[in-house]
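A.B. asks: Build me a model from this:
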Amino acid sequence: MGRAGAGAQSAGWDASAAMHNPASMSHVDGNQLMVSGGLVYSDIEFDVEQATAFNGIGDGGDAGSTGPVASTFYVRHLSDDWTFGMSFTGLTGAVLDYDDDWAGRFQDQEVNLIGLVLMPSIAYRLNDHVSFGFGLPVMYADLNIEIAVPTPDPLQPDGKATINGDDTVVSFNLSTLIEFSETSRLGIIYQHEFDVTFSGDVKIDPVGLSVGSNTDLMFASLARASFTQEMSDNLTVHLTVGWDDWSTLEDINISTQSGGGSLPRNWEDTYHVAWGFDYRFNPKWQMRGGVAYDTNPVDKEDRTADMPIDRQVRYALGAGYNPSDKLSIGAELVYADYGSAKIDASGYSGEYDSNDLIFFSVHADWKLGK
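C.D. replies: Reported below is the predicted structural model:
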């Protein structure tokens with residue numbers, strides 16, 4: 001986090017390698033355990049530019065919220081060549097809560113998407129320069145969406161449709177770490193998609209109808225390549241480039257016993273670049289920083305209020321302290337700008353005056369010996 005993700009696949013210095021690039025676990029010094037926790041705060045406010053009389057001009061208020069983030073990572077060397085890892089990450093995929101009378105309520109009123117990922121991983125060191133890794137992430141995801149439903153009588157209040165469900169799916173990732181020298185290395189990872197089917201219910205009020213449903217949602221495949229170069233004993237720089245296969249998120253399909261439908265997405269693949277650095281003041285104190293950029297995945301005509309994502313820019317700073325040879329602690333702060341995210345939908349249009357997230361996290365990393 002403290003480098004905005006730059007070098008995550010090639011740094012390989014601590015136990016978080018078990019998630020970012022299992023192959024780089026072979027580079028971790030001894031057996032290690034890391035725990036981290038923090039908060040994410042979002043400031044998301046829409047500005048209505050045009051709307052029909054039926055939709056009204058409500059802007060939705062502040063749809064953002066505050067939620068926790070937490071992770072645990074473990075690395076253990078089984079031999080000179082084999083290393084085992086385990087990671088558990090809990091994150092709030094999306095939390096948005098608009099005012100009930102806002103102009104885009106027929107597209108989204110509230111969405112909660114929570115994902116938990118447990119991943120065992122293994123690394124094999126082929127020789128002094130090349131390592132390979134394999135991870136088997138298991139994701140549990142829970143989804144809840146509320147959407148206003150128009151009623152035939154405009155004098156009556158809106159109805160409400162609630163879609164909820166959960167699913168557990170297994171994916172995989174492949175990775176490699178190439179050490180050109182003691183100061184230069186390249187890390188590459190491919191994470192396969194998660195194809196999630198949220199089995200749950202569709203409830204419609206005030207009709208009181210409730211039917212079983214399946215809602216399909218694709219978490220995109222991604223690829224990352226990171227290069228790390230130690231410039232001196234004090235300064236290390238990192239560069240990461242990547243690709244995300246968001247074109248697979250064309251539609252979110254909803255099926256019930258009585259029929260089905262879809263929420264069109266029509267997203268495009270995105271591209272990622274990040275640059276960061278680590279600077280060591282002395283053996284005990286370090287600082288890090290970075291910036292990352294992701295391209296826009298969707299045009300304004302296809303963007304929806306439940307996923308108001310534009311181009312993304314993240315700025316990060318972090319600090320670390322080593323009170324002993326066995327323990328290191330640190331803190332990170334990330335500001336993420338998700339852009340104006342213009343929406344040109346049936347019944348309303350506008351853009352987000354605020355579409356920002358702030359992440360704060362602290363961590364501790366213990367060396368458990370060889």
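
A.B. asks: From now on I want contacts and neighbour counts done on CA atoms only, so please keep to that.
C.D. replies: OK.

A.B. asks: Where does pLDDT dip in this structure?
C.D. replies: Across the chain, the ranges flagged by pLDDT under 70 are 91-93, 152-154, 207-211, 250-251, 253-263, 370.

A.B. asks: Going along the chain, name the helices of it.
C.D. replies: 17-20 (DSSP state H).

A.B. asks: Pull the number of nearby residues for the closest residue to Lys300 other than its chain neighbours.
C.D. replies: Nearest residue to Lys300, sequence neighbours excluded (CA to CA, 6 or more residues apart in numbering): Ile343, at 4.7 Å. For Ile343, the count of nearby residues is 23 (other CA atoms under 10 Å).

A.B. asks: which residues touch Ile343?
C.D. replies: By CA atoms under 8 Å, 6 or more residues apart in numbering, the residues touching Ile343 are Lys300, Glu301, Asp302, Arg303, Thr304, Ala305, Ser349, Gly350, Glu351.

A.B. asks: roughly how far apart are Asp195 and Ser221?
C.D. replies: The gap separating Asp195 from Ser221 is 10 Å, by CA to CA, to the nearest Å.

A.B. asks: between those two, which one's more packed in?
C.D. replies: Taking other CA under 10 Å, Asp195 and Ser221 do not tie; Ser221 has more neighbours (20 against 17).

A.B. asks: Test my guess that that one contacts Gly242.
C.D. replies: No - using CA atoms under 8 Å, Ser221 is not in contact with Gly242; the gap is 10.9 Å.

A.B. asks: re the thing from before, just the buried subset of the contacts of Ile343, please.
C.D. replies: Lys300, Arg303, Thr304, Ala305, Ser349, Gly350, Glu351 (16 or more other CA atoms under 10 Å).

A.B. asks: picking that back up, ok, what's across the strand from the residue nearest to Lys300?
C.D. replies: Going by DSSP bridges, Ile343 is paired in beta bridges with Gly350.

A.B. asks: what is Asn164 paired to in the beta sheet?
C.D. replies: Asn144, Asp201.

A.B. asks: That one: what's it in contact with?
C.D. replies: Asp142, Leu143, Asn144, Ile145, Phe198, Ser199, Gly200, Asp201, Val202 are the contacts of Asn164 under CA under 8 Å, 6+ apart.

A.B. asks: same thing but 7 Å
C.D. replies: Leu143, Asn144, Ile145, Gly200, Asp201, Val202 (CA atoms under 7 Å, 6 or more residues apart in numbering).

A.B. asks: what does Ser71 give?
C.D. replies: Val35, Ser36, Gly37, Phe88, Thr89, Gly90.

A.B. asks: Contacts only, for the third one.
C.D. replies: When contacts are counted by CA under 7 Å, 6+ apart, Gly37 touches Val69, Ala70, Ser71, Ser361, Val362, His363.

A.B. asks: wait, isn't the last one in contact with Leu33?
C.D. replies: No - under the criterion of CA atoms under 7 Å, His363 makes no contact with Leu33, lying 10.5 Å away.

A.B. asks: Comparing these two, which shows the higher neighbour count?
C.D. replies: Legend: neighbour count by other CA under 10 Å for His363 and Leu33, higher for Leu33 (21 against 18).

A.B. asks: Report the beta-bridge partner residues of the more buried one.
C.D. replies: Beta-bridge partners, per DSSP bridges, of Leu33: Tyr74, Trp366.

A.B. asks: Give me the neighbour count for Asp344.
C.D. replies: Asp344 has 18 neighbours, counted by other CA under 10 Å.

A.B. asks: Spatially nearest residue to it, not counting backbone neighbours?
C.D. replies: Using CA to CA, 6+ apart, the nearest residue to Asp344 is Glu301, at 4.9 Å.

A.B. asks: What distance do you get for the closest residue to Gln312 other than its chain neighbours to Ser171?
C.D. replies: By the measure of CA to CA, 6+ apart, the closest residue to Gln312 outside its immediate chain neighbours is Tyr338, 4.6 Å from it. Distance of Tyr338 to Ser171, computed by CA to CA: 27 Å.

A.B. asks: So the two - more neighbours on which side?
C.D. replies: Higher neighbour count among Tyr338 and Ser171: Tyr338, with 21 against 16, using other CA under 10 Å.

A.B. asks: Closest one of the contacts of Asn164 to Arg280?
C.D. replies: Leu143 (42.5 Å; CA to CA).

A.B. asks: Alright, calling it a day.
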